[in-house]
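J.: here is the input, now give the coordinates:
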Amino acid sequence: MAKLAPQLSEHLRPTSLQDLIQSPEIIRQLEAMVARGSLSNVLLYGSPGTGKTSAARILIHVLDLQKFEINGSLQGNIDLIRNQFQIFASCYSLTGQQKILFIDECEFLSKSTQGGLRGVIEQHDHIRYLMTANDVRKLDLALKSRCPPICFDIDPSKAHATVKRLLPRYVHKLEELGYKVPKKRIHEILCVYFPDLRAVANRLELDTFEMAA
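T.: Numbers count the residues shown, from 1 in each chain. Below is the predicted model:
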């Protein structure tokens, strides 16, 4: 069976903190963690497609962290966290890397799992905890207090300037990948779908299919 090529959304994912669409203030917060060489417990939350998971993975990569990763919408039962994570947490890193529990879409964890996770965080304070959520309202208040939140939603007043900043990057990346999408069309798609960059990439991918047909 032929191997499927990565979706355009994967090619267009941010690969550095500077590629993120967040405000300079938020990027400076994340860069400060990199500069000190250590990650704080943190919860990245906001609308879908605003770069939360990308930012988390960039931090993990740049800081060379040893991770235990789960997706709250697919896994995340308390037995997995207590048992498999317990093994991960109890073993020291042979390479000296800082360890991290990364929970993507953590709002999908059940209430009992969220409650159990609070105890896990208190028990293993030598490990950092990085979480992402689309709907922070579904999270246990005590859990949120253990992972200070950073909001990834975009201020509507800054949308135009952000789109203007993103446009050259999208044009360059698409040209690099061999896609001939007119700059005007890329701008139109950004304006319609922003700030959901996953939706932007999916619409661009449909355009490339239509152009090739």
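
J.: shaky segments in the chain?
T.: By pLDDT under 70, the low-scoring segments of the chain are 1-6, 76, 212-213.

J.: now residue 116: which helix or strand?
T.: Using DSSP states H and E, residue 116 falls within helix 111-123.

J.: show me what contacts the closest residue to residue 62 other than its chain neighbours?
T.: Excluding its sequence neighbours, the residue lying closest to residue 62 (CB to CB, 6 or more residues apart in numbering) is residue 34, at 5.4 Å. Glycine gets a C-beta too; all of them are placed from N, C-alpha and C. Taking CB atoms under 8 Å, 6 or more residues apart in numbering, we find residue 34 in contact with 17, 59, 62-63.

J.: ok, now residue 7?
T.: 201-202, 205.

J.: where's it relative to residue 202, distance?
T.: 8 Å (CB to CB, to the nearest Å).

J.: and if you look at residue 182?
T.: For residue 182, the distance to residue 202 - CB to CB - is 18 Å.

J.: of the two, which one has the most company?
T.: When neighbours are counted by other CB atoms under 10 Å, residue 202 comes out ahead of the other of residue 182 and residue 202, with 18 against 11.

J.: please report how far that one lies from residue 196.
T.: Following CB to CB, the distance that separates residue 202 from residue 196 is 9 Å.

J.: and what about the spatially most central residue of the chain, helix, strand or coil?
T.: Among the residues of the chain, the one closest to the centroid is residue 53, at 1.2 Å (CA atoms, centre = their mean). Of the three states, residue 53 takes helix according to DSSP: H, G, I helix; E, B strand; the rest coil.

J.: wait, it touches residue 103, no?
T.: No: look at residue 53 against residue 103 with CB atoms under 8 Å: they stay out of range, at 10.9 Å.

J.: which residues do the two both contact?
T.: residue 132.

J.: in terms of secondary structure, what does the lengthiest helix in the chain contact?
T.: The single longest helix within the chain, with elements called by DSSP state H, is helix 159-176. Secondary-structure packing of helix 159-176 (3 or more CB pairs under 8 Å, 6 or more residues apart in numbering; DSSP states H and E): helix 183-193, helix 197-212.

J.: off-centre distance for the first one?
T.: In terms of CA atoms, centre = their mean, to the nearest Å, the gap separating the centre of helix 183-193 from the centre of its chain is 23 Å.

J.: against which helices or strands is it packed?
T.: helix 159-176, helix 197-212.

J.: list the buried residues for stretch 123-134?
T.: Neighbour-count burial for stretch 123-134, counted by 16 or more other CB atoms under 10 Å, picks out 124, 127-134.

J.: try stretch 56-63
T.: Per 16+ other CB under 10 Å, stretch 56-63 contains these buried residues: 56-60, 62-63.

J.: can you list the domains in this protein?
T.: Structural domains assigned to the chain are 22-151, 156-212, following automatic domain parsing.

J.: looking at those, which is closest to residue 11?
T.: With CB to CB as the criterion, residue 11 lies closest to domain 156-212 of the domains of the chain, at 5.9 Å.

J.: now do the SS call for residue 67.
T.: From three-state DSSP, the assignment for residue 67 is strand.

J.: now render the contacts of residue 7 as CSV, adding distance to residue 91.
T.: Putting the contacts of residue 7 into CSV (distance: CB to CB, whole Å) gives the following:
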residue, distance to residue 91
201, 38
202, 40
205, 41
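
J.: appreciated, that's everything.
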